[in-house]
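1. got a structure for you, letters missing:
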């Protein structure tokens, strides 16, 4: 993998119905209401939105997400990413008797010049920043679904 390439995998257990989790994750425009690190979302068209994110480290990411797949019955979501990160994000929403598991896989290349330059030495910090952002996202989604 390239020095500025990242692969992230997160699994969230959510004690909520599968459909409620799927609907919340598919609604990009709603992210700022429950995910504090997603600062804004601008809808571009029916399949595309631009998100501005800022986690713990003092930089923001502008990411354009374009829907590639949205299948509620199969619990699958996939988007193409462009902007400060390029790549893809796939989510799988799986229901079971006690709630729902949300598996998220991101494969990205950092294209923001600052991230590209610093990736060789700051990679562990960028990974920690991502982990903290995802932790706050899970917490926010739990509150939203409660």
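-> Sure, I can see it. Note that the structure is a prediction, hence the values are computed from the model and not measured.
2. which element is residue 43 on?
-> strand 38-45 (DSSP states H and E).
3. and residue 56, by the same measure?
-> Going by DSSP H and E, residue 56 is not in any helix or strand.
4. for it, list the residues it contacts.
-> Residue 56 sits next to 128, 129, 132, 133 when contact means Cβ atoms under 8 Å, 6 or more residues apart in numbering. Just so you know, the C-beta spots here come from the backbone N, C-alpha and C atoms, and that holds for glycine as well.
5. who's in contact with the residue nearest the centre of the chain?
-> The chain has residue 89 as the residue nearest its centroid, 7.0 Å off, counting by Cα atoms, centre = their mean. Contacts for residue 89 (Cβ under 8 Å, 6+ apart) come out as 65, 78, 79, 81, 104, 105, 106, 108.
6. please apply the same query to residue 143.
-> Contacts of residue 143 (Cβ under 8 Å, 6+ apart): residue 34.
7. mean confidence score for the strand or helix carrying it?
-> Residue 143 is part of helix 113-145 when elements are defined by DSSP H and E. Per-residue pLDDT over helix 113-145 has a mean of 95.
8. kindly report the same for stretch 22-40.
-> 97.
9. so what's residue 39 closest to, chain neighbours aside?
-> Of all residues not flanking residue 39 in the chain, residue 52 sits nearest, at 4.7 Å (Cβ to Cβ, 6 or more residues apart in numbering).
10. would that neighbour count as being in a strand?
-> Yes: judged by DSSP: H, G, I helix; E, B strand; the rest coil, residue 52 forms part of a strand.
11. now the residue of the chain most remote from its centre: phi and psi?
-> Largest separation from the mean C-alpha position in the chain: residue 97, at 25.3 Å (Cα atoms, centre = their mean). Here is the backbone geometry of residue 97 (degrees, to the nearest 10): phi -60, psi -30.
12. pLDDT score for it?
-> 92.
13. residue 5 is in contact with residue 120, correct?
-> No: Residue 120 sits out of contact with residue 5 when judged by Cβ atoms under 8 Å, with a separation of 11.9 Å.
14. the two - which one has more neighbours?
-> The residue with more neighbours, out of residue 120 and residue 5, is residue 5; 13 against 9, by other Cβ atoms under 10 Å.
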